[in-house]
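Chemist: One predicted model, sequence on top.
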Amino acid sequence: MEITKIVIPTPYDVGDVNAFLVKGDALSIVDAGPKTQEAYEALEYGIKNAGYRFDDIEQVILTHHHPDHAGWVDAFPRAEILGHEYIDHWMKKNEEFLRYREAFYEMYLRKQAVPEENIQEILSIRRNLELYGNTPLTKYIQDGDEVPGHPGLIAYYTPGHAQSHLIFHDQKTKEVIGGDLLLEKIASNPLIEPPVDLSFDRPRSLVQYQASLRFLATLDVAKLYAGHGNEIVDVKGLVKERLQKDAHRTNQVYEILSEPKTVYEVTKALYPAVYESQLGLTLSKTQGYLDVLVKEERVRCEQMGDQEFYSRI
Ligand SMILES: [Zn+2]
(Lines give C-alpha, C1' and ligand atoms only; values in the text may rest on other atoms or scores of the structure.)
Protein backbone atom coordinates (compact mmCIF):
# COMPACT_ATOMS: atom_id res chain seq x y z
CA MET A 1 0.00 0.00 0.00
CA GLU A 2 1.47 3.35 -1.02
CA ILE A 3 0.38 5.91 1.58
CA THR A 4 0.92 9.67 1.51
CA LYS A 5 -0.04 11.66 4.59
CA ILE A 6 -1.62 15.10 4.29
CA VAL A 7 -1.74 17.23 7.44
CA ILE A 8 -4.77 19.54 7.60
CA PRO A 9 -5.52 22.34 10.10
CA THR A 10 -8.81 22.29 12.03
CA PRO A 11 -10.55 24.93 14.17
CA TYR A 12 -10.92 22.34 16.97
CA ASP A 13 -8.91 21.87 20.20
CA VAL A 14 -7.46 18.64 18.82
CA GLY A 15 -5.32 20.63 16.31
CA ASP A 16 -4.39 19.17 12.93
CA VAL A 17 -6.11 16.18 11.37
CA ASN A 18 -4.52 13.74 8.90
CA ALA A 19 -5.82 12.55 5.55
CA PHE A 20 -4.09 9.74 3.65
CA LEU A 21 -3.75 9.31 -0.10
CA VAL A 22 -3.72 5.60 -0.81
CA LYS A 23 -2.68 4.26 -4.22
CA GLY A 24 -3.87 0.77 -5.04
CA ASP A 25 -5.90 -0.35 -8.06
CA ALA A 26 -7.86 2.81 -7.27
CA LEU A 27 -6.60 6.19 -6.07
CA SER A 28 -8.33 6.89 -2.77
CA ILE A 29 -8.15 9.42 0.02
CA VAL A 30 -8.96 8.34 3.55
CA ASP A 31 -10.67 11.23 5.38
CA ALA A 32 -11.05 14.75 4.08
CA GLY A 33 -10.57 17.38 6.82
CA PRO A 34 -13.17 19.88 8.12
CA LYS A 35 -15.05 22.07 5.67
CA THR A 36 -13.00 25.25 6.13
CA GLN A 37 -11.06 27.31 3.58
CA GLU A 38 -7.72 26.57 5.35
CA ALA A 39 -8.40 22.85 5.23
CA TYR A 40 -9.28 23.02 1.53
CA GLU A 41 -5.97 24.73 0.78
CA ALA A 42 -4.00 22.15 2.79
CA LEU A 43 -5.76 19.32 0.94
CA GLU A 44 -5.15 20.95 -2.42
CA TYR A 45 -1.46 21.45 -1.60
CA GLY A 46 -1.03 17.86 -0.37
CA ILE A 47 -2.77 16.31 -3.36
CA LYS A 48 -0.78 18.47 -5.80
CA ASN A 49 2.48 17.60 -4.04
CA ALA A 50 1.72 13.92 -4.58
CA GLY A 51 1.22 14.62 -8.30
CA TYR A 52 -2.59 14.62 -8.47
CA ARG A 53 -5.60 16.90 -8.67
CA PHE A 54 -8.98 16.72 -6.88
CA ASP A 55 -10.63 15.10 -9.91
CA ASP A 56 -8.00 12.33 -10.05
CA ILE A 57 -9.28 10.97 -6.72
CA GLU A 58 -11.58 8.01 -7.37
CA GLN A 59 -12.72 7.25 -3.82
CA VAL A 60 -13.11 9.15 -0.57
CA ILE A 61 -13.10 6.64 2.27
CA LEU A 62 -14.23 7.89 5.68
CA THR A 63 -13.04 6.47 9.02
CA HIS A 64 -15.99 8.14 10.81
CA HIS A 65 -18.51 10.96 10.54
CA HIS A 66 -16.93 13.64 12.79
CA PRO A 67 -16.54 17.01 11.04
CA ASP A 68 -12.73 17.13 11.25
CA HIS A 69 -12.68 13.97 9.10
CA ALA A 70 -15.79 14.17 6.91
CA GLY A 71 -15.90 17.82 5.80
CA TRP A 72 -14.47 18.01 2.31
CA VAL A 73 -16.25 15.03 0.79
CA ASP A 74 -17.75 17.82 -1.33
CA ALA A 75 -14.39 18.65 -2.99
CA PHE A 76 -14.00 15.52 -5.15
CA PRO A 77 -16.26 15.74 -8.19
CA ARG A 78 -15.52 12.27 -9.60
CA ALA A 79 -15.15 10.27 -6.39
CA GLU A 80 -17.28 7.55 -4.89
CA ILE A 81 -17.85 8.27 -1.18
CA LEU A 82 -17.41 5.23 1.06
CA GLY A 83 -17.96 4.68 4.76
CA HIS A 84 -20.22 3.22 7.41
CA GLU A 85 -23.89 3.83 6.61
CA TYR A 86 -24.42 5.82 9.85
CA ILE A 87 -22.34 8.64 8.26
CA ASP A 88 -25.11 9.26 5.74
CA HIS A 89 -27.37 10.83 8.38
CA TRP A 90 -24.80 13.61 8.84
CA MET A 91 -24.34 14.12 5.10
CA LYS A 92 -28.07 14.22 4.35
CA LYS A 93 -29.11 16.12 7.50
CA ASN A 94 -32.79 15.43 6.95
CA GLU A 95 -35.28 17.11 9.28
CA GLU A 96 -36.56 13.89 10.78
CA PHE A 97 -33.05 12.72 11.76
CA LEU A 98 -32.09 16.12 13.18
CA ARG A 99 -35.24 16.17 15.32
CA TYR A 100 -34.59 12.62 16.51
CA ARG A 101 -30.98 13.47 17.38
CA GLU A 102 -32.01 16.52 19.37
CA ALA A 103 -34.66 14.53 21.26
CA PHE A 104 -32.07 11.83 21.98
CA TYR A 105 -29.59 14.30 23.52
CA GLU A 106 -32.28 16.17 25.42
CA MET A 107 -33.50 12.94 27.02
CA TYR A 108 -29.99 11.87 28.07
CA LEU A 109 -28.94 15.28 29.36
CA ARG A 110 -32.08 15.22 31.57
CA LYS A 111 -31.23 11.71 32.78
CA GLN A 112 -27.76 12.98 33.67
CA ALA A 113 -29.42 15.79 35.72
CA VAL A 114 -27.75 18.58 33.75
CA PRO A 115 -29.27 22.02 34.63
CA GLU A 116 -31.82 23.21 32.09
CA GLU A 117 -29.82 26.24 30.85
CA ASN A 118 -26.80 24.00 30.14
CA ILE A 119 -29.01 21.53 28.26
CA GLN A 120 -30.15 24.32 25.94
CA GLU A 121 -26.56 25.50 25.47
CA ILE A 122 -25.27 22.02 24.56
CA LEU A 123 -28.18 21.47 22.16
CA SER A 124 -27.52 24.78 20.39
CA ILE A 125 -23.81 23.90 19.94
CA ARG A 126 -24.80 20.52 18.52
CA ARG A 127 -27.17 22.18 16.03
CA ASN A 128 -24.16 23.70 14.26
CA LEU A 129 -23.40 21.31 11.41
CA GLU A 130 -21.72 23.70 8.98
CA LEU A 131 -18.26 22.06 8.93
CA TYR A 132 -19.75 18.74 7.80
CA GLY A 133 -19.87 17.81 4.13
CA ASN A 134 -23.13 17.40 2.23
CA THR A 135 -22.33 14.63 -0.25
CA PRO A 136 -24.14 11.40 0.58
CA LEU A 137 -22.28 8.10 0.55
CA THR A 138 -22.33 6.14 -2.70
CA LYS A 139 -21.19 2.85 -1.11
CA TYR A 140 -21.51 1.47 2.40
CA ILE A 141 -18.66 -0.43 4.05
CA GLN A 142 -19.37 -3.05 6.70
CA ASP A 143 -17.27 -4.92 9.24
CA GLY A 144 -15.01 -7.42 7.46
CA ASP A 145 -15.45 -5.97 3.96
CA GLU A 146 -12.54 -5.69 1.57
CA VAL A 147 -12.25 -2.04 0.51
CA PRO A 148 -13.07 -1.64 -3.22
CA GLY A 149 -9.99 -0.83 -5.32
CA HIS A 150 -7.62 -2.04 -2.59
CA PRO A 151 -7.20 -5.83 -2.60
CA GLY A 152 -6.28 -7.14 0.85
CA LEU A 153 -7.35 -3.97 2.66
CA ILE A 154 -9.96 -5.06 5.19
CA ALA A 155 -12.36 -2.75 7.06
CA TYR A 156 -13.17 -3.43 10.71
CA TYR A 157 -16.02 -1.82 12.61
CA THR A 158 -14.54 -0.26 15.76
CA PRO A 159 -17.27 1.81 17.51
CA GLY A 160 -16.77 3.87 20.66
CA HIS A 161 -15.18 7.18 19.66
CA ALA A 162 -17.86 7.35 16.95
CA GLN A 163 -20.74 5.01 16.18
CA SER A 164 -19.59 4.98 12.52
CA HIS A 165 -15.92 4.21 13.21
CA LEU A 166 -13.96 1.92 10.85
CA ILE A 167 -10.28 1.05 10.64
CA PHE A 168 -8.54 -0.40 7.57
CA HIS A 169 -5.95 -3.19 7.87
CA ASP A 170 -3.67 -4.15 4.99
CA GLN A 171 -3.22 -7.89 5.33
CA LYS A 172 0.01 -7.88 3.33
CA THR A 173 1.96 -4.91 4.76
CA LYS A 174 0.28 -5.09 8.21
CA GLU A 175 -0.30 -1.34 8.06
CA VAL A 176 -3.48 0.09 9.58
CA ILE A 177 -5.25 3.35 8.82
CA GLY A 178 -6.76 3.83 12.25
CA GLY A 179 -8.88 7.01 12.24
CA ASP A 180 -9.26 8.13 15.86
CA LEU A 181 -9.23 4.66 17.44
CA LEU A 182 -5.72 5.13 18.84
CA LEU A 183 -3.79 8.41 18.90
CA GLU A 184 -0.18 8.86 19.95
CA LYS A 185 -0.43 11.83 22.29
CA ILE A 186 -4.05 12.05 23.42
CA ALA A 187 -6.76 9.70 24.62
CA SER A 188 -9.58 9.38 22.11
CA ASN A 189 -12.92 10.41 23.64
CA PRO A 190 -15.81 7.96 23.65
CA LEU A 191 -18.57 10.45 22.90
CA ILE A 192 -22.24 9.92 23.65
CA GLU A 193 -24.00 9.51 20.29
CA PRO A 194 -27.34 8.20 19.08
CA PRO A 195 -27.22 4.49 18.27
CA VAL A 196 -26.90 3.15 14.73
CA ASP A 197 -30.52 1.87 14.86
CA LEU A 198 -31.76 5.38 15.77
CA SER A 199 -33.56 4.10 18.86
CA PHE A 200 -33.40 5.80 22.27
CA ASP A 201 -31.16 3.10 23.69
CA ARG A 202 -27.85 4.87 24.41
CA PRO A 203 -24.69 3.05 23.23
CA ARG A 204 -22.21 2.39 26.07
CA SER A 205 -19.46 4.30 24.22
CA LEU A 206 -16.52 3.61 26.56
CA VAL A 207 -17.43 -0.08 26.88
CA GLN A 208 -17.56 -0.28 23.07
CA TYR A 209 -14.35 1.73 22.74
CA GLN A 210 -12.39 -0.52 25.09
CA ALA A 211 -13.60 -3.59 23.18
CA SER A 212 -12.46 -1.92 19.92
CA LEU A 213 -9.01 -1.19 21.45
CA ARG A 214 -8.69 -4.81 22.62
CA PHE A 215 -9.63 -5.95 19.12
CA LEU A 216 -6.95 -3.68 17.61
CA ALA A 217 -4.38 -5.26 19.95
CA THR A 218 -5.21 -8.70 18.49
CA LEU A 219 -4.30 -7.57 14.94
CA ASP A 220 -0.80 -7.97 13.57
CA VAL A 221 0.17 -4.30 13.06
CA ALA A 222 3.51 -3.04 11.74
CA LYS A 223 2.45 0.61 11.71
CA LEU A 224 -0.74 2.51 12.46
CA TYR A 225 -1.51 5.73 10.61
CA ALA A 226 -3.51 7.80 13.10
CA GLY A 227 -6.17 10.43 12.41
CA HIS A 228 -4.21 12.98 14.45
CA GLY A 229 -0.48 13.18 15.14
CA ASN A 230 2.27 10.69 14.37
CA GLU A 231 2.20 7.09 13.22
CA ILE A 232 2.24 4.47 15.97
CA VAL A 233 4.49 1.40 15.92
CA ASP A 234 3.96 -0.09 19.40
CA VAL A 235 0.20 -0.49 19.12
CA LYS A 236 -0.14 -3.19 21.80
CA GLY A 237 1.90 -1.15 24.33
CA LEU A 238 -0.13 2.00 23.77
CA VAL A 239 -3.46 0.12 23.97
CA LYS A 240 -2.34 -1.27 27.34
CA GLU A 241 -1.41 2.22 28.54
CA ARG A 242 -4.79 3.66 27.51
CA LEU A 243 -6.73 0.83 29.18
CA GLN A 244 -4.71 1.22 32.39
CA LYS A 245 -5.42 4.94 32.52
CA ASP A 246 -9.14 4.27 32.01
CA ALA A 247 -9.10 1.72 34.83
CA HIS A 248 -7.50 4.29 37.12
CA ARG A 249 -10.15 6.90 36.28
CA THR A 250 -12.90 4.31 36.68
CA ASN A 251 -11.67 3.55 40.22
CA GLN A 252 -11.66 7.27 40.99
CA VAL A 253 -15.32 7.45 39.95
CA TYR A 254 -16.07 4.47 42.21
CA GLU A 255 -14.47 6.40 45.12
CA ILE A 256 -16.61 9.47 44.36
CA LEU A 257 -19.77 7.35 44.71
CA SER A 258 -19.71 7.25 48.52
CA GLU A 259 -23.39 8.16 48.18
CA PRO A 260 -25.76 7.93 45.18
CA LYS A 261 -25.06 10.59 42.58
CA THR A 262 -26.23 11.73 39.16
CA VAL A 263 -23.86 11.86 36.17
CA TYR A 264 -23.76 15.66 36.47
CA GLU A 265 -22.74 15.45 40.15
CA VAL A 266 -20.00 12.91 39.43
CA THR A 267 -18.75 15.06 36.52
CA LYS A 268 -18.44 18.09 38.84
CA ALA A 269 -16.45 16.04 41.35
CA LEU A 270 -14.22 14.39 38.73
CA TYR A 271 -13.49 17.48 36.62
CA PRO A 272 -13.86 20.46 39.03
CA ALA A 273 -11.63 22.77 36.97
CA VAL A 274 -13.00 22.14 33.46
CA TYR A 275 -16.53 20.72 33.71
CA GLU A 276 -18.15 24.12 33.14
CA SER A 277 -16.15 25.08 30.04
CA GLN A 278 -16.21 21.55 28.55
CA LEU A 279 -19.47 20.18 29.84
CA GLY A 280 -20.48 18.03 26.85
CA LEU A 281 -17.10 16.29 26.73
CA THR A 282 -16.68 15.76 30.49
CA LEU A 283 -20.25 14.37 30.79
CA SER A 284 -19.43 11.86 28.04
CA LYS A 285 -16.26 10.76 29.82
CA THR A 286 -17.95 10.42 33.22
CA GLN A 287 -20.86 8.52 31.69
CA GLY A 288 -18.30 6.17 30.14
CA TYR A 289 -16.61 5.34 33.46
CA LEU A 290 -20.02 4.80 35.08
CA ASP A 291 -21.05 2.46 32.25
CA VAL A 292 -17.87 0.42 32.82
CA LEU A 293 -18.63 0.21 36.57
CA VAL A 294 -22.19 -0.95 35.83
CA LYS A 295 -20.86 -3.55 33.40
CA GLU A 296 -18.39 -4.76 36.04
CA GLU A 297 -21.33 -4.98 38.49
CA ARG A 298 -19.66 -2.65 40.97
CA VAL A 299 -22.30 0.06 40.55
CA ARG A 300 -26.04 0.11 39.85
CA CYS A 301 -28.11 2.69 38.01
CA GLU A 302 -31.65 3.54 39.15
CA GLN A 303 -34.06 5.90 37.50
CA MET A 304 -36.03 8.32 39.71
CA GLY A 305 -38.40 10.58 37.81
CA ASP A 306 -36.52 11.48 34.64
CA GLN A 307 -33.09 11.35 36.34
CA GLU A 308 -30.66 8.48 36.84
CA PHE A 309 -28.77 7.86 40.10
CA TYR A 310 -25.65 5.73 40.36
CA SER A 311 -24.67 3.95 43.57
CA ARG A 312 -22.20 1.31 44.72
CA ILE A 313 -23.43 -2.27 44.92
ZN1 LIG B 1 -10.72 13.30 14.85
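Modeler: Received it, and whenever you're ready, just let me know what you need.
Chemist: Could you measure from Thr218 over to the ion?
Modeler: From Thr218 across to the ion, the span is 23 Å (C-beta to the ion, to the nearest Å). Yep, even glycine has a C-beta here, placed from its N, CA and C like the rest.
Chemist: Based on its surroundings, how many neighbours for that residue?
Modeler: Number of residues near Thr218 (other C-beta atoms under 10 Å) recorded here: 9.
Chemist: Regarding the residue nearest to His165 when sequence neighbours are not counted, which helix or strand does it belong to?
Modeler: Leaving out its chain neighbours, the residue that sits closest to His165 by C-beta to C-beta, 6 or more residues apart in numbering is His64, at 4.4 Å. His64 is part of no helix or strand when elements are defined by DSSP states H and E.
Chemist: Pull up the residues of the stretch 1-150 of the chain that are close to the ion.
Modeler: The stretch 1-150 of the chain comes close to the ion at residues Asp68, as judged by C-beta under 5 Å from the ion.
Chemist: Show the low-confidence segments of the stretch 1-150 of the chain, by residue range.
Modeler: For the stretch 1-150 of the chain, no stretch has pLDDT under 70.
Chemist: so how far is Val14 from the residue of it found nearest the ion?
Modeler: Taking C-beta to the ion, the ion has its nearest neighbour within the stretch 1-150 of the chain at Asp68, 4.6 Å off. Using C-beta to C-beta, to the nearest Å, Asp68 is found at 7 Å from Val14.
Chemist: try Asn251
Modeler: Taking C-beta to C-beta, one finds Asn251 at 27 Å from Val14.
Chemist: In terms of neighbours, single out the busier of the two.
Modeler: A count of neighbours by other C-beta under 10 Å puts Val14 above the other of Asn251 and Val14, at 17 against 13.
Chemist: any idea how far the helix or strand harbouring the residue of the stretch 1-150 of the chain closest to the ion is from the chain center?
Modeler: Assigned by DSSP H and E, Asp68 falls within helix 67-70. Mean-position distance between helix 67-70 and its chain equals 10 Å (C-alpha atoms, centre = their mean, to the nearest Å).
Chemist: and Phe302, how many residues sit next to it?
Modeler: Actually, residue 302 is Glu. It isn't Phe. 10.
Chemist: so what's it bridging to?
Modeler: Phe309 (DSSP bridges).
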